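1. One predicted model, sequence on top.
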Amino acid sequence: MILKIDPSVLQPSKLNLLAAGRAEPEFIVQFLEQSVGTKLSTEKKASIHTIISELPEGAGMRNLYEAIKVQEAASLGVTVEQYEALSPVLEALQGMLTSGYHAALFEQPADV
């Protein structure tokens, strides 16, 4: 017996999560919080809401990613290229801090 598979089921999902959440930006914020496993600050949430509202119609999650990256770089006063170069370092440092094993390295005296 030969199984025939409908090729459409092999295509990536056509669901545009950003379009689905555009009417309710908090949906995207909650999705992002669940994805990273942490609550975002009020400022970060507001920033994401603003970014979503400024994206063109038809934008997708890749556009949201790029827009957040540009905004984060600007908030740090660096170029997107510098931000991209620093991102792996920041992620490694965050992992060290989060894991707890190296957390003591991040403790600073109160007067610093």
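-> It's in.

2. Now do the contacts for the residue lying closest to Leu17 once chain neighbours are set aside.
-> Nearest non-adjacent residue to Leu17, counting by Cβ to Cβ, 6 or more residues apart in numbering: Met61, 5.6 Å away. For glycine as for every other residue, the C-beta is placed from the backbone atoms N, C-alpha and C. Met61 makes contact with 16-18 under the criterion Cβ atoms under 8 Å, 6 or more residues apart in numbering.

3. how about JSON lines for those residues, with distance to Gly37 and pLDDT added?
-> JSON lines is the format used below for those (distance: Cβ to Cβ, whole Å; pLDDT from 0 to 100):
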{"residue": "Asn16", "distance to Gly37": "24", "pLDDT": "71"}
{"residue": "Leu17", "distance to Gly37": "18", "pLDDT": "74"}
{"residue": "Leu18", "distance to Gly37": "21", "pLDDT": "76"}
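
4. Considering those, which possesses the most neighbours?
-> For the contacts of Met61, neighbours were counted using other Cβ atoms under 10 Å, and Leu18 has the most, 21 neighbours in all.

5. For that residue, pull up the helix or strand it's in.
-> Element membership of Leu18 [criterion: DSSP states H and E] is helix 17-22.

6. could you point out which element follows that helix?
-> Using DSSP H and E, the helix or strand that follows helix 17-22 in sequence is helix 25-36.

7. Past that following helix, which element shows up next along the chain?
-> helix 42-54.

8. which residues are in contact with that following helix?
-> 18, 21-22, 25-26, 28-29, 32, 40, 64, 67-68, 71.

9. longest helix in the protein, by residue count?
-> helix 80-99 (DSSP state H).

10. Identify each buried residue in that helix, please.
-> Within helix 80-99, the residues that count as buried by 16 or more other Cβ atoms under 10 Å are Tyr83.

11. Give me the average confidence score over that helix.
-> On average, the pLDDT along helix 80-99 is 84.

12. Got a PyMOL select line for the buried ones in the contacts of helix 42-54?
-> For the buried members of the contacts of helix 42-54, the matching PyMOL selection, counting by 16+ other Cβ under 10 Å, is:
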select buried, resi 18+21+22+25+28+29+32+64+67+68
